[in-house]
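Undergrad: What shape does this take:
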Amino acid sequence: MSERRGWLDRGVGETRAVVTLDGRPERLIIERDGEPAAQALGARLVARIRSVERAQALAFLDLGEGPDAVLNISAEMGRIDSGGWAEIEIRTQARTGKGAQARWLGPAEGPRRILSPGSTLEERLAALALGVGIETGPAARAMADAAQDEALETVFPLPGGGTVCVETTRALTAVDVDIGQRPGSGAKRVARTANLTALATAARVLRLKGLGGLVAIDLAGRGHDASTLLAAARSAFAADNPGVAFAPVSRFGVLELTIPRRARPTLDILCGGGRTSTHMTVAMTLIRALEREALTDGGGQFEALAGPPIASAAAPALRRLVDRHGDRLSIRAEAGRDDFEITRR
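TA: Numbers count the residues shown, from 1 in each chain. This is a model prediction of the structure:
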């Protein structure tokens with residue numbers, strides 16, 4: 001029977017929550033200081049209608065902070081016009097290049113304001129961890145670090161041999177199953193076992209990265225047992241319901257499915273739509289490293305050398321860190337760096 005556990009790491013400038021499935025990171029939720037409350041998942045607010053695109057049945061909403069949200073127009077709303085006001089709920093968070101998706105609650109009067117906040121990180125973690133105890137402290141930090149490192153990976157080993165590769169594009173997420181040097185007798189049997197294992201691994205990794213939308217899984221081998229694979233896929237992705245939908249396995253051995261988008265993808269938070277960690281992600285790692293040094297050596301003085309964008313991103317959190325541990329901690333910008341190094345002063 002599968003076991004899930006919850007972990008909560010409260011850091012300086014960033015809080016991370018992890019859900020593990022049988023000891024492996026399955027979900028990673030990241031909340032950074034200063035994130036716009038109007039963009040939070042589940043937030044209810046009054047927004048101004050910035051523009052209406054009737055040909056596309058869309059309205060764009062000014063939330064007061066962050067990118068505009070998108071509202072699908074329906075006949076039940078009556079006529080809405082630019083400059084009007086709407087009471088809405090954030091049902092899907094914004095991601096790089098895409099605004100939040102809003103749900104219409106009714107007409108409203110200005111000004112812009114938040115009527116009720118979205119779900120807190122702790123509430124989301126409790127719902128995902130299914131009522132189990134939440135572990136904090138050093139063990140939670142270690143688990144969050146491990147989950148973040150894995151979320152940034154592209155290729156994942158399969159139990160028993162082989163790999164799964166997960167890569168994103170603008171249109172979809174592609175998952176490739178590679179048997180590699182997986183042992184076994186009979187190519188078809190080896191491929192079948194690898195595919196079944198890969199579906200479970202891919203489902204966990206996609207949840208860890210927070211990816212949704214269209215997913216195409218290129219299965220290994222030929223002559224697939226489609227009914228068995230679909231049953232296994234439904235079981236593997238059950239935790240993403242409601243809203244997961246599958247297409248039949250194609251004659252080319254590709255299994256397509258769609259996963260509902262809700263929260264901002266974890267990979268988007270870490271990489272900002274690119275393929276490497278953002279300056280803010282590196283800055284938060286730097287702050288944790290400085291804090292670790294301060295806790296390990298209560299009297300030591302430490303300086304981090306970092307690229308200017310990283311040093312700038314870390315500055316607000318550094319001030320809070322100094323409040324806790326004193327001015328024995330510092331960051332110095334060094335041109336030409338794209339990472340950081342901590343030295344003893």
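Undergrad: for the stretch 51-200 of the chain, what spans make up the strands?
TA: Along the stretch 51-200 of the chain, counting by DSSP state E, counting those that start in this stretch, strands occupy 58-62, 69-72, 85-92, 101-107, 113-116, 134-135, 155-157, 163-168, 173-178.
Undergrad: no wait, the stretch 201-345 of the chain
TA: Taking DSSP E, counting those that start in this stretch as the test, the strands found in the stretch 201-345 of the chain are 213-218, 245-246, 254-259, 302-306, 329-333, 340-344.
Undergrad: The fourth one - what's its average pLDDT?
TA: What that stands for is strand 302-306. Mean pLDDT, strand 302-306: 96.
Undergrad: Do a quick rundown of the helices in the stretch 201-345 of the chain.
TA: For the stretch 201-345 of the chain, applying DSSP state H, counting those that start in this stretch gives helices covering 226-236, 266-271, 279-296, 308-325.
Undergrad: most tightly surrounded among those helices?
TA: Counting by mean count of other Cβ atoms under 10 Å, helix 266-271 has the highest mean neighbour count of the helices of the stretch 201-345 of the chain, with a mean of 22. C-betas here are computed from N, CA, C, even on glycine.
Undergrad: quick one: contacts of that one?
TA: Helix 266-271 has contacts (Cβ atoms under 8 Å, 6 or more residues apart in numbering) with 27-30, 32, 95-96, 148, 151-152, 168, 208-211, 277-278, 281.
Undergrad: make it 7 Å
TA: 28, 30, 95-96, 148, 151-152, 208-211, 277-278, 281 (Cβ atoms under 7 Å, 6 or more residues apart in numbering).
Undergrad: Using JSON lines, lay out those residues together with pLDDT and distance to Arg10.
TA: Output for the contacts of helix 266-271, formatted as JSON lines (pLDDT from 0 to 100; distance: Cβ to Cβ, whole Å):
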{"residue": "Leu28", "pLDDT": "98", "distance to Arg10": "15"}
{"residue": "Ile30", "pLDDT": "98", "distance to Arg10": "12"}
{"residue": "Arg95", "pLDDT": "92", "distance to Arg10": "25"}
{"residue": "Thr96", "pLDDT": "90", "distance to Arg10": "26"}
{"residue": "Gln148", "pLDDT": "98", "distance to Arg10": "15"}
{"residue": "Ala151", "pLDDT": "98", "distance to Arg10": "19"}
{"residue": "Leu152", "pLDDT": "97", "distance to Arg10": "21"}
{"residue": "Leu208", "pLDDT": "98", "distance to Arg10": "20"}
{"residue": "Lys209", "pLDDT": "98", "distance to Arg10": "23"}
{"residue": "Gly210", "pLDDT": "97", "distance to Arg10": "20"}
{"residue": "Leu211", "pLDDT": "97", "distance to Arg10": "26"}
{"residue": "Ser277", "pLDDT": "96", "distance to Arg10": "21"}
{"residue": "Thr278", "pLDDT": "96", "distance to Arg10": "21"}
{"residue": "Thr281", "pLDDT": "98", "distance to Arg10": "18"}
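Undergrad: List buried members of those by neighbour count.
TA: Among the contacts of helix 266-271, those buried by neighbour count (16 or more other Cβ atoms under 10 Å) are 28, 30, 95, 148, 151-152, 208-211, 277-278, 281.
Undergrad: tell me which of these is nearest to Pro67?
TA: Proximity of the buried ones among the contacts of helix 266-271 to Pro67, judged by Cβ to Cβ, is greatest for Arg95, which lies at 9.6 Å.
Undergrad: which ones are touching that closest one?
TA: 264-265, 268.
Undergrad: just to revisit the earlier point, out of the strands of the stretch 51-200 of the chain, which gets the lowest mean score?
TA: Minimum mean pLDDT among the strands of the stretch 51-200 of the chain: strand 134-135, a mean of 92.
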